[in-house]
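1. Test case, fold it:
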Amino acid sequence: MASDSRYLREGVIAGLIGAALVAVWFLIYDAAIGRPFRTPSLLGAATFQGVTDPSAVPTAAHLVVQYTVLHGVVFALIGVLIAYLIVSAQREPSRVLTLFIALMCFEVFFLALVTWLAHPVLGELAWWTILAANALAAGGMLIYFFVGHRALGRALLGPLWTRVVREGIVGGLLGAVGVALWFLAYDAAAGEPLRTPALLGAALFHGLREPGALVITMPLVLQYTVVHGVVFILFGLAAAGLLALADREPRLLFAFVMLFCCFEVFFAAMVAILAEWLLEAVPWWTILAGNLLAALVMMGYFFRGHRVTWHEFIHARR
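-> As a prediction, the model looks like this:
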């Protein structure tokens, strides 16, 4: 009974965490486009009233509350299911595959449910916002579960890959913070605090093409900061994975260094291709300096944890 009550409690908490992350995401998005609470109002009207014309939907408190309650209940039920599977996986490791299948089904179910219930109003909802909200919810729930069940993380990944995940996340966040602080200092020195992340957020999410029309808002800064952090974490995970392999074969550090070089080139190319005008609004050398700073911070962090590998690599070249 104690075990049952625990996974019920943890499942509900995890589900509510996921629901809260989705709600905060859409709150930021709606505020950024100047229409606070528009998304829950649309979804509430489509779900409970069968509204088919988005223009006829008002932004109303009762619609927001109705959808928020449904939203929280659905996520709580999903959280309980995942909690049950995690408890089962701890008892029987062969059920780990079932856990991953359930997580994939959660992604598909969420998108299918929104499409089915709110199909008439989906034209007003950007598809990527739904996908991003879903990913945030899944990530938040998993973090909560793995913090409470660290043994499960070790069982799933093993000591080696648990270290890879930890190093990748920490290294990625250090790089992201390094870039963020660099542009914060640059913008402050130029007398326009937070201009760069707001400009990049407006270009990425709202198609801004005229820098003079930029209005610096916290939602824009937060939107870009989230994407910025996720990209660096993914890069950090790739770098940490290569380092784990290099611990066994030091020559693979060549690939590690090449990964950082490719990251620099890729970032510059993406800016040039997707938003060439940004190179006029943001001096190219500031982008290069920010990326180099991130690379140095991350490599310094990775070097500290793999000194033996670096030592063997350097001496192998002599």
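2. which residues sit in contact with the nearest residue to Val221 once chain neighbours are set aside?
-> Nearest non-adjacent residue to Val221, counting by C-beta to C-beta, 6 or more residues apart in numbering: Pro197, 4.7 Å away. In short, each C-beta sits where N, CA and C put it, glycine included. Residues near Pro197 by C-beta atoms under 8 Å, 6 or more residues apart in numbering: 180, 183, 220-221, 224-225, 228.
3. which one among the residues you listed gets closest to Met141?
-> Closest approach between the contacts of Pro197 and Met141, by C-beta to C-beta: Thr225, at 21.2 Å.
4. Find the helix or strand that that closest one is a member of.
-> Here Thr225 sits within helix 218-246, counting by DSSP states H and E.
5. just checking, what packs against that helix?
-> Contacts defined by 3 or more C-beta pairs under 8 Å, 6 or more residues apart in numbering; DSSP states H and E place helix 218-246 against helix 2-32, helix 150-189, helix 195-206, helix 253-274, helix 284-305, helix 307-316.
6. If we use 10 Å, what do you get?
-> Counting contacts by 3 or more C-beta pairs under 10 Å, 6 or more residues apart in numbering; DSSP states H and E, helix 218-246 packs against helix 2-32, helix 127-148, helix 150-189, helix 195-206, helix 253-274, helix 284-305, helix 307-316.
7. okay, the ones you listed, which one's buried deepest?
-> helix 195-206 (a mean of 22; mean count of other C-beta atoms under 10 Å).
8. what sits against the residue nearest to Gly172 when sequence neighbours are not counted?
-> Spatial nearest neighbour of Gly172, excluding adjacent residues (C-beta to C-beta, 6+ apart): Gly236 at 2.7 Å. Applying C-beta atoms under 10 Å, 6 or more residues apart in numbering to Gly236 gives the contacts 164-165, 167-176, 298, 301-302.
9. rewinding a little: which of the contacts of Pro197 lies closest to Gly50?
-> Of all those, Leu220 has the smallest distance to Gly50: 34.3 Å, by C-beta to C-beta.
10. Could you double-check that the closest one lies in contact with Val226?
-> No. Applying C-beta atoms under 10 Å as the test, Leu220 and Val226 come out as separate, 11.2 Å apart.
11. which residues do these two both contact?
-> Shared contacts of Leu220 and Val226 (C-beta under 10 Å, 6+ apart): 28, 201.
12. per-residue pLDDT, Asp43?
-> To be clear, residue 43 is Leu; Asp isn't right here. We have a pLDDT of 84 for Leu43.
13. Hmm, I typed the wrong one, I wanted Ile130.
-> pLDDT recorded at Ile130 is 76.
14. which stretches of the stretch 1-150 of the chain have low pLDDT?
-> Across the stretch 1-150 of the chain, the ranges flagged by pLDDT under 70 are 1-4, 89-123, 126-127, 149-150.
15. In contact with the closest residue in space to Ile233 that isn't next to it in sequence, which residues?
-> Nearest residue to Ile233, sequence neighbours excluded (C-beta to C-beta, 6+ apart): Gly172, at 3.7 Å. Contacts here follow C-beta under 10 Å, 6+ apart; on that basis Gly172 touches 229-240, 294, 298, 301.
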